[in-house]
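Participant: Show me how the following folds:
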Amino acid sequence: NTHAPALPTTGKWYWEVVCTDINTGTAGAHFFGICNAAVYQSEDFTAHATISAGQQRGGQLKKNNSNTSTGTAVNDGNTVGMAFDADNLTLKLYVDGSQSGSTITSLTAGTYKLWIQDGSTVTNMTVNFGQSDFDQTVPTGYSSLCTNNLPDPQVENPSKYFHTQLYTGDGSSGNSITNNAQAGDFQPDLLIIAPRSNGDHHNVWDAVRGNTKRIRTNAADTEYTDSPALITFESDGFDLDTTDINYNGSSRTYCAWQWSTDGASAATNTDGSRDSSVMVNTTHGFSIVAYTGDGSGDDTYGHGLGATPGLIWCKNLDAAQNWRVFNQGLTSGAANSLFLNLNNAESADPDRISAVSSTTFTAAANMNKAEDYIAYCWAPVPGYSAFGNYEGNSNADGTFIYTEFRPAWITVKTMDSANDWVIYDTKRDPINVSDTVLRMDSTNSEYSGSGREIDILSNGFKMRTSNTTINASATFAYMAFAEFPFKYANAR
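Facilitator: Next up is the predicted model:
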């Protein structure tokens, strides 16, 4: 099986396959078409065919492994053209410029990839996405698959909204950390500081609670109140007003992950059954939500995103209670939770984010006690953020996860068993292979080496190890934010 990167989810696209040597095997041995990105990783024809469209060498057109019409057989020297309409979910096949069979319509919604099946025979074919002149006339309204023809991304410069800053502590109060974000000045609204060289807690501040309040990703602790404040948010970074070695130990190294709402202010949101205080930027799908529960069952709270969240981290501030994580890739949906401060597998959880919509999330049971809570919410934005799950394959030639951008930050967590939340970023690993990790649920120092290798690519990331932490034959949750959208991304 041969695959190409995921096809755009909007627009009309054309490419050709020039067949030099394919006259071996049965008429059904070769397949020219597309398959759903969720099933492409399998090398089994049956798995691919469950969500697919295309034509066999003998001329039989198929959709989801069922015959649709009979077209023109393909032989040595023929050129197969494919015209994919992602807006209307149709696929047309051409042989030497003439349409083969009938248009395949009503494709299953989703992201597709080019798929060519060679039937385990000796085959010589060349795919032309437009890198050279096409053999045939491109159908009216269709474009070649080059980045120049891709639509402009909603977030053209992700560094305006997410930034990783590395720094070295100096042991002196007033250490000013200036962000070197590619977009220029960057004031954080959510800040996580993780020690690298020495193990310690990962502390979290946000602009809704204020800089005197902090919590820890690796602990169930209640909120800490600092007097005076340990940090100050600045227009171009933050100041460390402390000599505490957790943040500013002399010659110790640290990593600061930061998200910005780009100047938003907190405001009362009345979309839910109870009010919330929300700081939000809908362009890049990020909001900080503060709410107070009422202790009487479930309530809904507005998040302000205008889109359904794909990821929520939620923490009780007044009680020692585990972080709850909702991820759109949870195998049982909102019936389960992951726990940011624990390495536990996902599990059924009565105290959870039990439902999400484009306006609210539902806080259930002990996530709705008469206490204060903070929730960090993200909605997936094409070209900027991606959340979901993937299936590992226990192979050093590991699973590829398509994100539609070159990631700047990736977190992976196995959902089936106990394993750490593993964090990668391109500041700590600027070239491939990337194998330097921190752990969201741990106080361990940074780890680099065997068993954590991945490649960070122009349109996603790929596992380069069979290690069970990131690539067992199991289901994994992931979350990723962009360094560059695919339209502007280069390989590393």
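Participant: How far does stretch 482-492 sit from its chain's centre?
Facilitator: Its chain's C-alpha centre and that of stretch 482-492 lie 14 Å apart, by CA atoms, centre = their mean, to the nearest Å.
Participant: What average pLDDT does it get?
Facilitator: Stretch 482-492 shows an average pLDDT of 91 in the prediction.
Participant: contact partners of it?
Facilitator: Residues from elsewhere that reach stretch 482-492 (CB atoms under 8 Å, 6 or more residues apart in numbering): 147, 150-153, 155-156, 158-159, 162, 383-385, 403-408, 426, 430-432, 455-459. Just so you know, the C-beta spots here come from the backbone N, C-alpha and C atoms, and that holds for glycine as well.
Participant: cutoff 6 Å now
Facilitator: For stretch 482-492, contacts defined as CB atoms under 6 Å, 6 or more residues apart in numbering pick out 147, 150, 153, 158, 383-384, 404-406, 408, 426, 431-432, 456, 458-459.
Participant: Find the centremost residue of this protein, please.
Facilitator: Centroid-nearest residue in the chain, with CA atoms, centre = their mean: Ala386, separated by 2.5 Å.
Participant: what about Ala355, which helix or strand?
Facilitator: Here Ala355, judged by DSSP states H and E, is contained in strand 353-356.
Participant: Are there helices or strands packed against that strand, and which ones?
Facilitator: For strand 353-356, the elements it packs on are strand 360-363, judged by 3 or more CB pairs under 6 Å, 6 or more residues apart in numbering; DSSP states H and E.
Participant: what helices or strands is the strand it packs on leaning on?
Facilitator: Applying 3+ CB pairs under 6 Å, 6+ apart, one finds that strand 360-363 contacts strand 299-302, strand 353-356.
Participant: Deepest-packed of the ones you listed, please.
Facilitator: Of all the helices and strands packed on strand 360-363, strand 299-302 has the most neighbours on average by mean count of other CB atoms under 10 Å, namely a mean of 24.
Participant: start to end distance for stretch 216-227?
Facilitator: End-to-end distance of stretch 216-227 (CA to CA, to the nearest Å): 17 Å.
Participant: just stretch 301-320 next, same as before
Facilitator: 22 Å.
Participant: and if you look at stretch 82-100?
Facilitator: 10 Å.
Participant: Could you do stretch 376-384 as well?
Facilitator: Length of stretch 376-384, first residue to last, CA to CA: 17 Å.
Participant: Contacts for that stretch next, please.
Facilitator: Counting by CB under 6 Å, 6+ apart, 153-155, 158, 284-289, 303, 305, 307, 309-313, 385-387, 404-405, 482, 485 sit against stretch 376-384.
Participant: Please compute how far that stretch lies from its chain's middle.
Facilitator: For stretch 376-384, the distance to the chain centre is 8 Å (CA atoms, centre = their mean).
Participant: about what we covered before: could you export the strand holding Ala355 as CSV, CA atoms only?
Facilitator: Output of strand 353-356 as CSV, limited to C-alpha atoms (Å, rounded to 0.1, in the frame of the first residue of the first chain):
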residue,chain,number,x,y,z
ILE,A,353,-16.8,17.1,32.3
SER,A,354,-19.8,15.1,31.3
ALA,A,355,-20.9,16.9,28.1
VAL,A,356,-19.6,19.6,25.8
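Participant: neighbouring strands for that strand, and are they parallel or not?
Facilitator: strand 360-363 (antiparallel) (DSSP bridges).
Participant: so what pLDDT did the closest residue to Trp259 other than its chain neighbours get?
Facilitator: Leaving aside its sequence neighbours, Trp259 sits nearest to Leu190 (CB to CB, 6 or more residues apart in numbering; 4.3 Å). pLDDT for Leu190: 98.
Participant: returning to what we had before: for the strand holding Ala355, what is the distance to the chain centroid?
Facilitator: 20 Å.
Participant: same question, stretch 237-256
Facilitator: Put simply, stretch 237-256 sits 29 Å off its chain's centre (CA atoms, centre = their mean).
Participant: tell me which residues of it are tucked away?
Facilitator: 237-244, 246-249, 252-256 (16 or more other CB atoms under 10 Å).
Participant: Format the CA atom coordinates belonging to that stretch as CSV.
Facilitator: Presented in CSV, the C-alpha positions along stretch 237-256 are these (Å, rounded to 0.1, in the frame of the first residue of the first chain):
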residue,chain,number,x,y,z
GLY,A,237,7.2,37.8,28.8
PHE,A,238,7.3,37.5,32.6
ASP,A,239,9.5,38.4,35.6
LEU,A,240,10.5,36.0,38.3
ASP,A,241,10.2,37.8,41.6
THR,A,242,11.6,34.9,43.5
THR,A,243,14.8,32.9,44.2
ASP,A,244,12.8,29.7,44.7
ILE,A,245,14.7,26.9,42.9
ASN,A,246,11.4,25.6,41.5
TYR,A,247,11.4,28.6,39.1
ASN,A,248,14.7,30.4,39.4
GLY,A,249,17.5,28.4,40.8
SER,A,250,21.0,29.6,39.9
SER,A,251,22.3,27.9,36.7
ARG,A,252,19.2,25.6,36.6
THR,A,253,17.3,25.3,33.3
TYR,A,254,13.6,25.7,32.8
CYS,A,255,10.9,25.5,30.2
ALA,A,256,7.9,27.9,30.1
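Participant: who does Ser66 bridge with?
Facilitator: In beta-bridge terms (that is, DSSP bridges), Ser66 pairs with Lys63.
Participant: quick one: it from Ile51, how far?
Facilitator: Distance of Ser66 to Ile51, given as CB to CB, to the nearest Å: 12 Å.
Participant: Check His163 too.
Facilitator: From His163 to Ile51 the distance is 37 Å (CB to CB).
Participant: In terms of neighbours, single out the busier of those two.
Facilitator: Between His163 and Ile51, His163 has the larger neighbour count (other CB atoms under 10 Å), namely 25 against 21.
Participant: quick one: that one and Phe186 touch, right?
Facilitator: Yes - assessed by CB atoms under 6 Å, His163 is found in contact with Phe186 at 5.0 Å.
Participant: any shared contact partners between those two?
Facilitator: With CB under 6 Å, 6+ apart, His163 and Phe186 have common neighbours Asn179.
Participant: on that earlier part again, select from the helices and strands packed on strand 360-363 the stretch with the lowest mean pLDDT.
Facilitator: The stretch with the lowest mean pLDDT among the helices and strands packed on strand 360-363 is strand 353-356, at a mean of 91.
Participant: remind me which residues of the stretch 51-200 of the chain are low pLDDT?
Facilitator: The stretch 51-200 of the chain contains residues with pLDDT under 70 at 119-122.
Participant: Which residue is the nearest non-sequential neighbour of Ser358?
Facilitator: Among residues not flanking Ser358 along the chain, Thr308 sits closest, at 5.1 Å (CB to CB, 6+ apart).
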